[in-house]
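J.: I need the structure of the sequence given here:
(2 chains)
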Amino acid sequence: MDLAFTPEEQKFSDEVRAFVRANLATDIRDKVKNGKHLIRDDYMRWQQALGKQGWLVYTWPKKHGGPGFTPAERYIFENICAEEYAPGIIPFGTKMVGPVIYTFGNDEQKAKYLEPIRKSTVWWCQGYSEPGSGSDLASLRTKAEKQGDHYIVNGSKTWNTMGHWADWIFCLVRTDPKAKPQEGISFLLIDMKTPGITVKPIIMADGGHEVNEVFFDNVKVPLTNLIGKENEGWTCAKFLLANERLGIAAVPQSKRGVAALKDIARAEQDNGKPLIENQSFAEKIADLEIQVTALEYTELRVLSSMAHGGQPGPEVSGLKVRGSEIQQRITELTMEAVGEYAAPYLPGLLWQGSNEEPVGPAYAHLAAPRYFNTRKTTIYGGSNEIQKGIISKMVLGL
Amino acid sequence: MDLSLSDEQKQLQDAAERFVRDKYAFENRRKIAATEKGWLTENWAQMAELGWLGMAFSEEDGGYGGGPIETMIVMEQFGKGLVLEPFLPTVVLGGGMIAKAGSKAQKEALLPPMIEGKKQFAFAWLERQSRYNLADVSLKATKEGNGWSLSGHKGVVYNAPSADHIIVLARTSGSAREEKGLTLFVVDAKAKGITRRDYPTQDALRASELTFDKVSVGADAVLGKVDDAFGVVEDAVDHAIVALCAEATGCMDAINAATLEYIKTRKQFGVPIGKFQVLQHRMVDCFTNAQEARSMTLMASLKIDDKDSVVRRKAASGAKVQIGKSGKFCGQSAVQMHGGMGVTDELSVSHYFKRLTMIDLMFGNQQHHLTRYSNLAMAA
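T.: Numbers count the residues shown, from 1 in each chain, chains lettered A, B, ... in the order given. Okay, here's the model as predicted:
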């Protein structure tokens, strides 16, 4: 057992850092660092730079055009990207539909869809949840009916992240209404430009727009857009959710969040001294840092066992639960550190180039919106109640 | 001992309930929040007409002889409707300090018009470095002829955009964070030398950053004694805290009711999600938390005029700790149990959650008041 990186890993780490510093545009880096909103083009520029290097699909094996990173290399790559304030890689193509296509798709589909994901020339979004189907995903009702060489899709999807920027959507649709809930579902790729698709924004509690409702009104989709077998989409769905769970712990982002929190606690005054010297508050940060460390080492144990050919075991199940709780705790303490200056609502400041002056310190206006927004982490990707249900059933056998 | 409301207090409660029902249906509230000043003149006039702006003041001051219980009753209903009219800064804080410390002339000039709904106040105490220390004040007032000159900065001054008078906490002597040496001034909001930057807050109220650049006021602007304002301010803030606690209990009742309704009707896996034990227990904890919050608010409302200052301060801090804890639990749980809908702007849940969150930040959060309470309780 050895915690230290091998010389090769150290060399890789230097290589990644040099690459990020040379290829991440300064304006994008500044936006991430200062908590500004990113636009589609920001993500695309960064992802295309990674794509050129072959690192955008860093979790893919070599045979599908990925770099075939070892678990340690994945860990290094993710951490350095976060440390250097790179935007998060949009997962819908790279971590979700891509692996589904190379695992369940036919050769023609692989040839058509994988390269644009590797190079980030196409933006994907997800059509899973529906207004009546959240935690109970298998109850979904958006239907696809065969008509000649097409499916006709009708229904609606919700909590669709960044669909207003997407070129393509992958959807779970019901192809056999008579079968048991899980058995009549298919996995379908749909071009967002197809007539009959409407994207309607959902405004979040912090005033921002990141998710949408997507409506399908007699949308014609070629049969060739079906991935895997008809009515066997649930297999793809489960495979995708398992991939989603890994990485959802967001350890590198949380480490960055704790570091930023400490900076704020050093800058904020409390009875004439830096807030970080207030023992009660310092202990809260310490407690949080310990939680992040526990999460990080759990993730490292998973990575290590995978490197030796093992499958992620029970320890992976709690990653999403703890990771999301930690993300929330960071925002909670950040708001606490900012105090009453968290109250001013200045949404204009979230955009780069806004002429609006901050009220109080520059970081203050972000604290409350982030706290409100981050409540989503224990809800999305399968709510924590659902995750715990899975753990109690699958791991503990209850 | 009798903790029930009198007939008059019940009538007040009914009237406040009716006001909220008539004026603050959620979509109405959204419209009021979107207006430029963020509250409605007609609502304010109605509050005056119903006697709410004067109920907590003595008859001598032009009021109706009530006290903190009446304030609690009304604030609780305001919390249920997320009422936006500036009752707290004008009546509880501004009116409260004037009634406590004002000269006869000041009371006569300011209280009757406030009670009639014709004057509003804002209380400017916070500065960039203050956090929750009421004495961490550096805005300076220096003698200038018979009067004073004020220079410095004040932040997050609620209702400053609408106020006719700003009540300013200034340093007249002493060093930073010294309790001695603070003085209150009643300043015309339009006085020369005041620059305002207005903004909405996370919970749809209005506030401002204020810069005072050699603002001249007469000797008659001093509220109470020179150098001796700390006690008045602490007491007014403790009263405001208790009023906020009452508002928070109203918010918790509303958010719990909305969540209960949601988990009874939202179906997943073929049953209402309220059938799942994990949600049932969380819902029970929400109700228990709201009960504790209500109890602490009642305790504090009964003790906030106690003769013993330690009793008063412990009451306010104890209640604020409870409200911070319960408000966070009920707010976060409501969002979680509503799932994705809980984090949207569309449902009222996120708006109650935001208000509860901001109430915790105001005048000292849970941690601040736990420390204050602990210092008071261990000294006794």
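
J.: what's the neighbour count on whichever residue of the stretch 51-200 of chain A sits closest to chain B?
T.: Nearest to chain B, among the residues of the stretch 51-200 of chain A, is A:D136, at 3.8 Å (Cβ to the nearest Cβ). For the C-beta atoms, the positions are set from N, CA and C on the backbone; glycine is no exception. When neighbours are defined as other Cβ atoms under 10 Å in any protein chain shown, A:D136 has 17 of them.

J.: again, but for A:W46
T.: Residues near A:W46, counting by other Cβ under 10 Å: 26.

J.: In space, what's closest to it - neighbours in sequence excluded?
T.: A:P87 (5.3 Å; Cβ to Cβ, 6 or more residues apart in numbering or on different chains).

J.: Now do the contacts for the one you found.
T.: Neighbouring residues of A:P87 by Cβ atoms under 8 Å, 6 or more residues apart in numbering or on different chains: A:I28, A:V32, A:L38, A:D42, A:Y43, A:W46.

J.: do the same with B:Y158
T.: Here B:Y158 is in contact with B:P86, B:L88, B:P89, B:A122, B:F123, B:T201, B:L205, B:R206, B:A207 (Cβ under 8 Å, 6+ apart).

J.: Name the residue of the stretch 151-300 of chain B that lies nearest to chain A.
T.: For the stretch 151-300 of chain B, Cβ to the nearest Cβ, closest residue to chain A: B:Q268, 3.8 Å.

J.: okay if I get the contacts of B:Y158 as a markdown table plus pLDDT and distance to chain A?
T.: Formatted as a markdown table, the contacts of B:Y158 follow (pLDDT from 0 to 100; distance: Cβ to the nearest Cβ, whole Å):
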| residue | pLDDT | distance to chain A |
| --- | --- | --- |
| B:P86 | 98 | 15 |
| B:L88 | 98 | 14 |
| B:P89 | 98 | 13 |
| B:A122 | 98 | 14 |
| B:F123 | 98 | 13 |
| B:T201 | 98 | 4 |
| B:L205 | 98 | 8 |
| B:R206 | 98 | 10 |
| B:A207 | 98 | 7 |
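
J.: Which of these fall within strands?
T.: Counting by DSSP state E, the contacts of B:Y158 place B:A122, B:F123, B:R206, B:A207 in strands.

J.: thought the second one was touching B:L88?
T.: No: counting by Cβ atoms under 8 Å, B:F123 stays clear of B:L88, with 9.2 Å between them.

J.: Which one of these two is surrounded by more residues?
T.: Per other Cβ under 10 Å, whichever of B:F123 and B:L88 has more neighbours is B:F123, with 28 against 23.

J.: So for residue 75, what's the nearest residue that isn't a sequence neighbour?
T.: Went with chain A since none was named. A:L303 (5.8 Å).

J.: Oops, wrong one, chain B.
T.: Using Cβ to Cβ, 6+ apart, the closest residue to B:M75 is B:A246 (3.8 Å).

J.: What does the pLDDT read for the residue lying closest to A:I101 once chain neighbours are set aside?
T.: Sequence neighbours aside, A:Y113 is the residue nearest to A:I101 in space, at 5.2 Å (criterion: Cβ to Cβ, 6+ apart). pLDDT, A:Y113: 98.

J.: which other helices and strands contact the helix or strand encompassing A:Y113?
T.: Per DSSP states H and E, A:Y113 falls inside helix A:107-119. Counting contacts by 3 or more Cβ pairs under 8 Å, 6 or more residues apart in numbering or on different chains; DSSP states H and E, helix A:107-119 is packed against helix A:40-53, helix A:98-104.

J.: Distance to B:A45 and mean pLDDT for those helices - can I get that in JSON lines?
T.: As requested, the helices and strands packed on helix A:107-119 are arranged in JSON lines below (distance: least, Cβ to Cβ, whole Å; pLDDT from 0 to 100):
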{"stretch": "helix A:40-53", "distance to B:A45": "49", "mean pLDDT": "98"}
{"stretch": "helix A:98-104", "distance to B:A45": "62", "mean pLDDT": "96"}
